[in-house]
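K.L.:
3D, please:
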Amino acid sequence: MDKREEKQRLRRCIRTRIQALSPYYCRRADQAILSRVKELSLYKNASLIFCFVGTAGEIQTISLIGEALAEGKRVCVPRCISRGIMEICEIRELAELKPGAYGILEPGVGCGRVEAEEVGLAILPCLSCTRDGRRLGQGGGYYDRYLKEYEKELSGRCVLVCREALMLEEIPVEDHDRRADLVVWENGQAGGENFS
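P.N.:
Residues are numbered from 1 along each chain as shown. Next comes the predicted model:
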């Protein structure tokens with residue numbers, strides 16, 4: 001089985017695990033993960049954060065986005081512009097999030113694009129990951145393409161969030177895969193020294 005096939009097999013396995021998680025566990029884990037993120041020095045010091053908007057099965061990040069806006073931080077979220085391609089756009093309030101092409105909440109048409117070098121901290125989603133930052137995404141390549149394009153600008157500022165029940169010991173890595181600098185789960189974190 002090649003790496004691509006193995007990743008597809010792992011995606012099926014993790015999606016089955018997600019469906020078996022209790023709503024109570026998900027709520028508690030999400031709250032603990034987001035609390036850990038807010039304690040990071042890079043979060044506290046960032047004037048602009050990039051954060052995904054959690055969909056069904058993902059960590060629910062709306063509360064973090066709302067709190068960051070209330071704290072006076074600038075917040076940008078992804079917008080799909082074509083298959084496998086996204087850009088990040090700034091929102092000033094949660095009401096600016098509208099259902100996009102796949103029903104995922106994303107910035108409305110009036111929200112301006114943000115350049116990666118402005119981002120102080122990027123909070124990334126995954127289906128699963130390893131403690132050393134290897135990421136298993138949904139398979140669309142949106143984040144890998146974005147991170148590859150802006151690898152230099154975002155170096156040292158990418159945190160991957162994952163529920164511990166979905167984490168794996170091993171994930172096959174392909175040439176296009178980008179490793180996160182820090183992984184945060186509800187009971188711990190692992191990665192770069194810049195994140196303490």
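K.L.:
where does pLDDT dip in this structure?
P.N.:
1, 192-196 (pLDDT under 70).
K.L.:
mind listing the strands for it?
P.N.:
Ranges of strands in the chain, per DSSP state E, are 48-51, 74-82, 85-91, 97-99, 105-107, 121-124, 128-129, 135-136, 158-161, 182-185, 188-191.
K.L.:
burial of Lys44, as a residue count?
P.N.:
12 (other CB atoms under 10 Å). For every residue, glycine as well, the C-beta is placed using N, CA and C.
K.L.:
that one: what's it in contact with?
P.N.:
Counting by CB atoms under 8 Å, 6 or more residues apart in numbering, Lys44 touches Lys38.
K.L.:
if I look at Gln138, how far off is Ser35?
P.N.:
Separation of Gln138 from Ser35 (CB to CB, to the nearest Å): 25 Å.
K.L.:
tell me which of the strands of the chain lies nearest to Tyr25.
P.N.:
strand 182-185 (12.4 Å; CB to CB).
K.L.:
about what we covered before: export the strands of the chain as a markdown table, with columns for mean neighbour count.
P.N.:
What follows is these, written out as a markdown table (neighbours: other CB atoms under 10 Å):
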| stretch | mean neighbour count |
| --- | --- |
| strand 48-51 | 22 |
| strand 74-82 | 20 |
| strand 85-91 | 19 |
| strand 97-99 | 14 |
| strand 105-107 | 23 |
| strand 121-124 | 26 |
| strand 128-129 | 23 |
| strand 135-136 | 23 |
| strand 158-161 | 26 |
| strand 182-185 | 24 |
| strand 188-191 | 16 |
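K.L.:
nearest to Arg9 among the ones you listed would be which one?
P.N.:
Using CB to CB, the strands of the chain put strand 135-136 closest to Arg9, at 10.7 Å.
K.L.:
the closest one packs against which elements?
P.N.:
In terms of contacts (3 or more CB pairs under 8 Å, 6 or more residues apart in numbering; DSSP states H and E), strand 135-136 is packed against helix 3-20, strand 128-129.
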